[in-house]
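In: Okay, sequence plus prediction incoming.
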Amino acid sequence: MGFFDSEIVQQEAKQLFEDYQSLMQLGNDYGKFDREGKKIFIEKMEAMMDRYRIFMKRFELSDDFMAQMTVQQMQTQLNQFGITPQQMFDQMNLTLERMKSELNKQP
């Protein structure tokens, strides 16, 4: 069975995509959130990033051809922006840390 034939993989990919879309849409109003709302948003983003990192690690560790092609495509796309997948995750974590720092400065 191929990597993408797994119902678990398909379900997690679908859920990650839906969660990401919802958070991005919600994030448009981040500036309007109260302190607690911002805290919850940051926590949800961190949890989603952890899930995404694990999901991508599954791709990297798989010997399935399509999984490896997916990893290569992501690396190629990110290389066009001059970054690696690790740098992408690092930048996202840095952004979330800045958001937390700003939140802690608020009364």
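Out: That came through fine.

In: Regarding residue 59, what is its secondary structure?
Out: Of the three states, residue 59 takes helix under DSSP: H, G, I helix; E, B strand; the rest coil.

In: mind listing what the residue lying closest to it once chain neighbours are set aside touches?
Out: In this structure, residue 59 finds its nearest non-sequential neighbour in residue 67, 4.6 Å apart by Cβ to Cβ, 6 or more residues apart in numbering. To be clear about C-beta, it is placed using only N, CA and C from the backbone, and glycine gets the same treatment. Contact partners of residue 67, counting by Cβ atoms under 8 Å, 6 or more residues apart in numbering, are 3-4, 58-59.

In: So which of those residues is surrounded by the most neighbours?
Out: Comparing those by number of neighbours (other Cβ atoms under 10 Å), residue 59 comes first, having 19 neighbours.

In: which ones are touching it?
Out: Counting by Cβ under 8 Å, 6+ apart, residue 59 touches 3, 67-68, 70-71.

In: Among those residues, which lie within helices?
Out: Judged by DSSP state H, helices contain the following of the contacts of residue 59: 67-68, 70-71.

In: ok, back up a step: okay if I get the contacts of residue 59 as CSV plus distance to residue 104 and pLDDT?
Out: Converted to CSV, the contacts of residue 59 look like this (distance: Cβ to Cβ, whole Å; pLDDT from 0 to 100):
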residue, distance to residue 104, pLDDT
3, 41, 80
67, 40, 88
68, 41, 91
70, 37, 89
71, 36, 89
